[in-house]
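Chemist: sequence? don't have it. structure:
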């Protein structure tokens, strides 16, 4: 891209991006050379559209083609042949396209009309032929599948299309060849803007006709449902490969179960011990679908992490609220995310409700759960009018439609700080449990070097605490190893592990005097002392010099005290 007199222009290098060999290489070239030209065009067009059509332009959105490769199945991916931006609005089914085609060496500005909007176009043309005739006569590039050949070739293209019963979608507009020198001139961008401005009123007439025919918005809903699953998503084998490349230690069985659940219902619950990888799975799966266009460290705009708070009591905590004094709506990031998903119906968007049962999900999720079960998928925002302005100046429609391309995943930790999940929620969700910790898989994926003796001790400690019902997850494993690495030159690895057992593992051991807990603590103390239970029958019999000589004295002394309290009180925990 270059600029002349502060005007953006196409360059041969920008167009040549669509001829670069290789799927990933072509996509990168497109983003580097061609995307800036289209983005600059979008900015200029938005300003002109707002000036020419101030009443309707706030309804419109501009989006880009998100496909990065043509998926041929079984891992075969070809480079894309064209790249475009779309100017459209709900209820959709028609829009103005600016497309750059590498296959045809063309730049096109065209109105695209889907088959479901063919009847709407017929009514608009029938009722206002005189209004649209100048535009129809000006259009030279027209494409539709004309199987019937019986129509009059001398008739206007729009009449041929509307009277052809087999014709499906329509593309009508203006085309410019790459070898036309004018496309590299600054004035060419202005011409493309004029072309799109000429087509926009016809698109708006189609949208108004669609709304008049279907005021409930059901047609919009059906359009989005059709686009909910797209051919762009990679096969499950590629998804698993991308997740594994990010060093997530989860079995392939769990990833496949999660993949199927996401395609079955838009609500999934991941439960299991803390640190088992629940939240990370939600992010890495969303990133795996994003694929090549997501650079390392780049934020995935199709993924939102929401930290549920214990004081959430109603939907306003998740969606936002209407201020009756100011007459403005205060949206949350979650609500803005739903709006972004609605504007991009061909891609899936993922919301992770982290620790969703810190509050009662059936309270703050109530309108979402209800919307999932209804055909119209409407969510009442609690505003008194059909439209409401937000505090930042946007306009919201009330009720709001829950986009069908949004998947909600909740992570659940089962402990005394959380609420049990109600049947209302469980009936609407697939629940996947992540409890099995693959220690050897974790070690194989760990980027650093792990001392064999230290690792054997970690495994043995894990076996003892897992028997007590408190296994530690991958997060704790990572932090223990990181602590040991940071202690080099200050402590020996054994001393560092001793402190980590005391600081990271023992605080979670607690409960009444049961055979399971007593056995776990006893075997753990044997392990830490390096001495069998036969050398001492009760914790009080462990001599101070035996603790001092133990391989892991800090944690051994703490376990001894916990056993001593278990003998005395019938209950123990780390803090007693």
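Modeler: In hand now; what should we look at? Keep in mind it's a predicted model, so treat the numbers as computed, not measured.
Chemist: What is the distance between the helix or strand hosting residue 263 and the centre of its chain?
Modeler: Taking DSSP states H and E as the definition, one finds residue 263 inside helix 252-264. Relative to the chain's own centre, helix 252-264 is displaced by 15 Å; criterion: C-alpha atoms, centre = their mean, to the nearest Å.
Chemist: Run through the neighbouring helices and strands of it.
Modeler: Applying 3 or more C-beta pairs under 8 Å, 6 or more residues apart in numbering; DSSP states H and E, one finds that helix 252-264 contacts helix 236-245, strand 267-272, helix 278-290, strand 430-434. Placement of C-beta: from N, CA and C, glycine included.
Chemist: What is the subsequent helix or strand relative to the third one?
Modeler: Per DSSP H and E, helix 278-290 leads on to strand 303-307 as the next helix or strand towards the C-terminus.
Chemist: So which other helices or strands are in contact with the helix or strand just after that next one?
Modeler: Going down the chain from strand 303-307, the next helix or strand is helix 316-319, by DSSP H and E. Other helices and strands packing on helix 316-319, by 3+ C-beta pairs under 8 Å, 6+ apart, are helix 333-342.
Chemist: If you count contacts, what does the helix it packs on end up packed against?
Modeler: Helix 333-342 packs on strand 303-307, helix 316-319, strand 349-354, strand 400-401, strand 406-412, going by 3+ C-beta pairs under 8 Å, 6+ apart.
Chemist: So for that helix, mean pLDDT?
Modeler: Across helix 333-342, the average pLDDT comes to 91.
Chemist: So which bits of it are buried?
Modeler: Residues of helix 333-342 classed as buried by neighbour count (16 or more other C-beta atoms under 10 Å): 334, 335, 337, 338, 339, 340, 341, 342.
Chemist: give me every residue that touches the spatially closest residue to the last one that is not a sequence neighbour.
Modeler: Closest residue to residue 342 apart from its sequence neighbours, by C-beta to C-beta, 6 or more residues apart in numbering: residue 403 at 4.4 Å. For residue 403, the contacting residues are 224, 338, 341, 342, 345, 349, taking C-beta atoms under 8 Å, 6 or more residues apart in numbering as the criterion.
Chemist: Just send the residues you listed back as a markdown table, with distance to residue 68 too.
Modeler: Output for the contacts of residue 403, formatted as a markdown table (distance: C-beta to C-beta, whole Å):
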| residue | distance to residue 68 |
| --- | --- |
| 224 | 22 |
| 338 | 24 |
| 341 | 19 |
| 342 | 22 |
| 345 | 18 |
| 349 | 17 |
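Chemist: Give the full set of residues in contact with the residue nearest to residue 469 when sequence neighbours are not counted.
Modeler: Spatial nearest neighbour of residue 469, chain neighbours left out: residue 516 (7.2 Å); criterion: C-beta to C-beta, 6+ apart. Applying C-beta under 8 Å, 6+ apart to residue 516 gives the contacts 467, 468, 469.
Chemist: and if you look at residue 380?
Modeler: 367, 398, 399.
Chemist: So what does it look like in phi/psi?
Modeler: Per-residue torsions, residue 380: phi -80, psi 120 (degrees, to the nearest 10).
Chemist: sorry, back to before: how about CSV for the helices and strands packed on helix 252-264, with mean pLDDT and distance to residue 30 added?
Modeler: CSV is the format used below for these (pLDDT from 0 to 100; distance: least, C-beta to C-beta, whole Å):
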stretch, mean pLDDT, distance to residue 30
helix 236-245, 88, 21
strand 267-272, 91, 33
helix 278-290, 90, 16
strand 430-434, 90, 37
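Chemist: remind me which residues of the stretch 201-350 of the chain are low pLDDT?
Modeler: 213-232, 292-297 (pLDDT under 70).
Chemist: right, and residue 526 touches residue 542 too?
Modeler: No: look at residue 526 against residue 542 with C-beta atoms under 8 Å: they stay out of range, at 10.4 Å.
Chemist: neighbour count winner among the two?
Modeler: residue 542 (22 against 18; other C-beta atoms under 10 Å).
Chemist: Isn't the more buried one up against residue 559?
Modeler: No: using C-beta under 8 Å, residue 542 makes no contact with residue 559, being 9.6 Å away.
Chemist: and for the two, which residues touch both?
Modeler: Common neighbours of residue 542 and residue 559 (C-beta under 8 Å, 6+ apart) are residue 525.
Chemist: lowest-confidence helix or strand of this structure?
Modeler: helix 218-226 (a mean of 35; mean pLDDT, DSSP states H and E).
Chemist: Same list (the helices and strands packed on helix 252-264) but as JSON lines, adding mean neighbour count and distance to residue 457.
Modeler: Shown next, in JSON lines, are these (neighbours: other C-beta atoms under 10 Å; distance: least, C-beta to C-beta, whole Å):
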{"stretch": "helix 236-245", "mean neighbour count": "16", "distance to residue 457": "27"}
{"stretch": "strand 267-272", "mean neighbour count": "22", "distance to residue 457": "24"}
{"stretch": "helix 278-290", "mean neighbour count": "22", "distance to residue 457": "26"}
{"stretch": "strand 430-434", "mean neighbour count": "17", "distance to residue 457": "25"}
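Chemist: Nearest to residue 68, out of these?
Modeler: helix 278-290 (9.0 Å; C-beta to C-beta).
Chemist: Which other helices and strands does that closest one contact?
Modeler: By 3+ C-beta pairs under 8 Å, 6+ apart, helix 278-290 packs against helix 236-245, helix 252-264, strand 267-272, strand 303-307, strand 349-354, strand 406-412.
Chemist: Show me the one of these that comes nearest residue 80.
Modeler: The nearest among the helices and strands packed on helix 278-290, by C-beta to C-beta, is helix 236-245 at 17.1 Å.
Chemist: so the closest one versus helix 252-264, what angle?
Modeler: With axes from the mean of the first three to the mean of the last three C-alpha atoms, to 10 degrees applied, the angle from helix 236-245 to helix 252-264 works out at 120 degrees.
Chemist: Can you name every helix or strand that helix 236-245 contacts?
Modeler: Against helix 236-245 (3+ C-beta pairs under 8 Å, 6+ apart) you get helix 252-264, helix 278-290.
Chemist: Name the surrounding residues that touch stretch 306-321.
Modeler: 329-335, 351-360, 363-368, 379, 381-382, 417.
Chemist: and if we set it to 6 Å?
Modeler: With contacts defined as C-beta atoms under 6 Å, 6 or more residues apart in numbering, stretch 306-321 is touched by 330-332, 334-335, 353-356, 358-359, 363-364, 366-367.
Chemist: All set now, cheers.
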